[in-house]
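Visitor: Next input, structure requested:
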Amino acid sequence: MICKRKLKNIIIINLAYFFSLLCIGFLVWVIVDLARKGIPHINMDFVLSGYNDSKGLHGIAPMIVTTMWMICVTLVIAMPIGIFSAVYLVEYSRPGFIVNIIRLATENLAGIPSIIYGLFGYVFFKNFLKLGFSLLSGSLTLSVMVLPSVVRITEEALKSVDPMYRDGSMALGATRLYTIIHIVLPCTVPQVLSAVLLSMGRVIGETAAVYFTAGTVYRFPEGIMSSGRTLAVHLYILAKESGNFEEAYATACVLIIITAIIHFAVNRVTRTVSKRTGKEKQKT
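Guide: Prediction:
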């Protein structure tokens, strides 16, 4: 029996290592292939200039600015709604019909294809609300897309907070709202930053929902009501419609670099906040 157990453990461990290395191998393969085909075509003019094929301009600066606009506006809309929804579900709600409906809605939202979000945003935000092809239409659509992950991650973070913090605060006379804002939510900052990171990744890489709502105009956005083209949409247009794969690979490399920088920055902030939170918990 002991030998069989050891053999099973060895097999399972080796399978885990094998599939982990396989995943890493696929990631390295994609990155190396993109870098080999895209980096030779990247230069300062490509990154900092505008785009106009008829005038011989092939820069991606407007797309970078539009992508940053989309990230910021989407987070400003989605994060408060997602966080306060999670606070209601964990801190105020009681098991019942309304809570079940909310959970069912968030779970179904997470499984809807992005093209459906794009069509919904096109019909509702662009046509019904008459926002037109604009960054606001795209950001509102993307906010609906990222809400399930924000609510779910924040909800699990709130549940993981030690009940002693709540009981101790309220025993000292603090209200429930004060306890949530000043005691509970600060403990969930690292997990909330993880939700921010996932939302950024979804916004950066989304094409269908943005294509139908924000438009494809290749100019610098003047505000949230102007149309624009994100890097992901520009990459799709270059590869699918223009057939310019050299610029498409270069755009893909820039997109990966921006994503990596954002992930690195958020991870550093998350680690710093986690260390500070851990030290504060040890003091208490």
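
Visitor: For stretch 34-46, buried residues please.
Guide: With burial defined by 16 or more other Cβ atoms under 10 Å, the residues of stretch 34-46 counted as buried are Leu34, Ala35, Lys37, Gly38, His41, Ile42, Phe46. Yep, even glycine has a C-beta here, placed from its N, CA and C like the rest.

Visitor: what's the answer for stretch 112-125, then?
Guide: For stretch 112-125, by 16+ other Cβ under 10 Å, it's Ser114, Tyr117, Gly118, Leu119, Phe120, Gly121, Tyr122, Phe124, Phe125.

Visitor: from the residues you listed, which single one is nearest Cys253?
Guide: Ser114 (23.0 Å; Cβ to Cβ).

Visitor: Can you tell me how far the nearest residue to that closest one once chain neighbours are set aside is from Leu27?
Guide: Nearest non-adjacent residue to Ser114, counting by Cβ to Cβ, 6 or more residues apart in numbering: Ala208, 4.7 Å away. Look at Ala208 and Leu27: by Cβ to Cβ, to the nearest Å, they are 24 Å apart.

Visitor: Please apply the same query to Arg219.
Guide: Using Cβ to Cβ, one obtains 34 Å as the distance from Arg219 to Leu27.

Visitor: ok, now Asp167?
Guide: Taking Cβ to Cβ, one finds Asp167 at 45 Å from Leu27.

Visitor: Kindly report the same for Ile77.
Guide: With the distance defined as Cβ to Cβ, Ile77 ends up 31 Å from Leu27.

Visitor: between the two, which one's more packed in?
Guide: Using other Cβ atoms under 10 Å as the criterion, Ile77 and Leu27 rank with Ile77 on top: 18 against 10.

Visitor: correct me, but that one touches Ser139?
Guide: Yes - if you go by Cβ atoms under 8 Å, Ile77 and Ser139 touch, sitting 6.0 Å apart.

Visitor: follow-up on the earlier one: surely the residue nearest to Ser114 and Ile112 touch.
Guide: No - Ala208 lies out of contact with Ile112 (Cβ under 8 Å); the separation is 11.5 Å.

Visitor: which parts of the longest helix anywhere in the chain are buried?
Guide: Identified as the longest helix of the chain according to DSSP state H is helix 245-283. Judged by neighbour count using 16+ other Cβ under 10 Å, the buried positions of helix 245-283 are 247-256, 258, 262, 266, 270.

Visitor: Thr154: which of these is nearest?
Guide: Distances from Thr154 to the buried residues of helix 245-283, taken by Cβ to Cβ, are shortest for Thr270, at 14.2 Å.

Visitor: Which residue is the nearest non-sequential neighbour of the closest one?
Guide: Closest to Thr270 by Cβ to Cβ, 6+ apart is Leu193, at 4.5 Å.
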